[in-house]
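Trainee: Compute the structure for the input listed below.
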Amino acid sequence: MGHADTLLPLLTLLGFFKDKVPLTSTNYASHTQRSFRTSHMMPYAANFLLVLYDCGEGGIRLQPLLNEKPLTFPGLTDQQVSVPLYEDVRKHYRDLLNGCDFETECQLFNNPAEV
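Mentor: Presented below is the predicted three-dimensional model:
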């Protein structure tokens with residue numbers, strides 16, 4: 001849960017609401033039905049959930065919800081409509097998941113002047 005200003009970067013990073021053609025000042029009139037439209041994506045405060053389902057032999061599945069409405073993970077259209085296998089989601093976002101060096105990003109500085 002959070003404000004649109006905190007959730008929007010996360011949704012963008014994950015590739016949700018990405019349009020095929022970037023919006024520019026010259027093509028604005030032709031993009032009235034674009035996906036990336038913050039006024040339609042979320043209100044001032046919103047919630048983003050990742051629901052994990054244990055489907056037994058069907059594997060573990062992950063469903064994204066934005067304001068209680070199901071979303072489809074971008075690039076995972078081969079899976080069930082909005083509940084792909086968890087491992088497929090991890091593979092799809094592996095560069096993002098592996099691209100963060102936790103020790104470097106979250107280190108505590110002994111001297112605040114180092115920041």
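
Trainee: This structure - how does it break down into domains?
Mentor: Taking automatic domain parsing as the reference, the chain has its domains at 1-44, 47-115.

Trainee: Show the average pLDDT along the longest one.
Mentor: Taken as a whole, domain 47-115 carries a mean pLDDT of 82.

Trainee: packing partners for the longest helix that the chain contains?
Mentor: For the chain, the helix with the greatest residue count under DSSP state H is helix 4-13. Judged by 3 or more Cβ pairs under 8 Å, 6 or more residues apart in numbering; DSSP states H and E, helix 4-13 is in contact with helix 38-41, strand 45-46, strand 48-54. (Glycine included, C-beta is placed from N, CA and C.)

Trainee: end to end, how far does stretch 15-26 reach?
Mentor: Terminal residues of stretch 15-26 lie 23 Å apart, using Cα to Cα, to the nearest Å.

Trainee: Going by neighbour count, list what's buried in it.
Mentor: For stretch 15-26, a neighbour-count test (16 or more other Cβ atoms under 10 Å) marks 16, 17 as buried.

Trainee: And the contacts of the longest helix of the chain?
Mentor: With contact meaning Cβ atoms under 8 Å, 6 or more residues apart in numbering, helix 4-13 is reached by 17, 18, 38, 41, 42, 43, 44, 45, 46, 48, 66, 96.

Trainee: Closest one to residue 85 out of those residues, please.
Mentor: residue 96 (17.5 Å; Cβ to Cβ).

Trainee: And the closest one, which helix or strand is it part of?
Mentor: Residue 96 is located in helix 94-98, with elements delineated by DSSP states H and E.

Trainee: Of all the residues in whatever helix or strand comes next after that helix, which ones are buried?
Mentor: Next helix or strand after helix 94-98 toward the C-terminus (DSSP H and E): helix 102-105. Within helix 102-105, no residue counts as buried by 16+ other Cβ under 10 Å.

Trainee: Done for today, thanks.
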